[in-house]
Each structure stands twice: as C-alpha cells, then as structure tokens.
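**Q** Turn this into a structure:
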Amino acid sequence: MNYLTELASDALPGILQGMVLPTVEKSGLTVKQIVVTRFDRPDISAKYISGHGVQIEVTLPMAHINGDFKLDYFFSSKGQLRAVVQNLTIGMKVHIHRDMITDTNNVTVYECKVTHVPIELKFFGPETAGMELFEEMISSEIQDALSEQICLVPGLVKDFLEAERQEILTKYDPNDPSIATTVGPLFENYLCGI
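**A** Residues are numbered from 1 along each chain as shown. Next comes the predicted model:
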C-alpha cells in the first residue's frame, strides 16, 4: 500500500500541473481558462477499512491556479486571477475488487469529501474593483473543481497498474529457456531427480 501512495504522490503533480479545470459560471460571474500552474507533491496516506475497501487522505501543501474572469452583475469587471490553495485535505473511501471473469481490477470512489480551507485570491487587471465580494464563491468553486480531479486519482492509478501489468505480460514468454536458467532449475527437474 505504501508503494501505491508514494507512486500517486509522485505522479499527481505531473498529472495535475497544467490541467485546465472546468469553467465556472454562476450569478453573472464567469471564470474560464482555469489552469493549475503549480502543484506541490501531496502527502497521501491510506488504510484498509474492513468490509469497505481503502480510506485515502490527500493533503495538498500548495497549488497555484490561474484563470480569466468576467463579471456582469451590478457592475462589470474583467481580468485575471490567481488562487493560492494551501493545506487542502481530501478524504476518500475507495472500493477495490478483482473481477475474475474479465481479469480486471475495479476501483470505485464511493465517498470524496473536501475540508475547505481559505484560498488566497489575487485579481489582476484595470477592472478588478469590487471582486472581493465574490471571493468566497470563487474559492469554493475552485476547490470543488480541484477536488473533483483529485478524486479521479484512484482510477488513474488503477489504469497505470493495469498498463504495467499488460506490459510485463506481453514481455513474458513462458517458452523462453533463459528464464529457467536465470531463476534456477525447473521444479519438474527437481522432482524427477528425487
């Protein structure tokens, strides 16, 4: 289990940095081209839950997210924003089972909860006055979008492991005589020698 959590911790920054999050449209506010520009290596812990699967906790030390905004509410405003997220914690419960008929692993995230933290927002551009009124809504939407992407990670790890398994299986040739000599004498030869 530690191997998988370390693997996911190492892989997440590469997966999420540069990712474009969904456009936010709410109450006359549009935030689009929301891009994760920095994603520090998260701390991921996991433990088995008897009868349920695995409980995973992801703690994100820091992420920077940039985007373009446009507001048409009581006044008009547009510009760019930067969100700095620190110490965001996401708790997941994941059910993992092996389908013996299809010979595949199935991973289902059946619970994913976010501990909301204050996000530092900065607005840039000549028309950014009054945007502080919408900080809470923007922060909540950005946290939710980021959390949705992180909640997909167990499935991504499953896909990675399946790809690795397939690569190993395609390279393995049971008729290759060098395998027996590198591992040792064949078991059948041992039995015949008794």
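**Q** what sits against Leu88?
**A** By C-beta atoms under 8 Å, 6 or more residues apart in numbering, the contact set of Leu88 is 59-60, 63, 114-115, 117, 143, 146-147. Bear in mind the C-beta positions are built from the backbone N, C-alpha and C, glycine included.
**Q** pLDDT score assigned to it?
**A** pLDDT for Leu88: 87.
**Q** What's the separation between it and Ile65?
**A** According to C-beta to C-beta, to the nearest Å, Leu88 stands 11 Å off from Ile65.
**Q** From the contacts of Leu88, which land in strands?
**A** Among the contacts of Leu88, DSSP state E puts 59-60, 63, 114-115 in strands.
**Q** CA atoms only: put the longest strand along the chain into CSV for me.
**A** Secondary structure of the chain read by DSSP E shows that its longest strand is strand 76-99. Output of strand 76-99 as CSV, limited to C-alpha atoms (Å, rounded to 0.1, in the frame of the first residue of the first chain):
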residue,chain,number,x,y,z
SER,A,76,-18.9,44.9,-14.9
SER,A,77,-15.4,43.7,-14.3
LYS,A,78,-12.9,41.5,-16.0
GLY,A,79,-9.3,40.5,-15.6
GLN,A,80,-7.1,37.6,-14.4
LEU,A,81,-7.0,35.9,-11.0
ARG,A,82,-4.6,33.7,-9.1
ALA,A,83,-5.7,31.4,-6.4
VAL,A,84,-3.2,30.0,-3.9
VAL,A,85,-4.5,26.9,-2.1
GLN,A,86,-2.6,25.6,0.9
ASN,A,87,-3.2,22.5,3.1
LEU,A,88,-6.3,21.3,1.3
THR,A,89,-7.3,17.9,2.6
ILE,A,90,-9.4,15.5,0.7
GLY,A,91,-10.7,12.3,2.2
MET,A,92,-11.8,9.4,0.0
LYS,A,93,-13.3,5.9,0.5
VAL,A,94,-12.4,3.6,-2.3
HIS,A,95,-13.7,0.1,-3.0
ILE,A,96,-11.3,-2.2,-4.9
HIS,A,97,-12.2,-5.6,-6.2
ARG,A,98,-10.9,-8.1,-8.8
ASP,A,99,-13.3,-9.3,-11.5
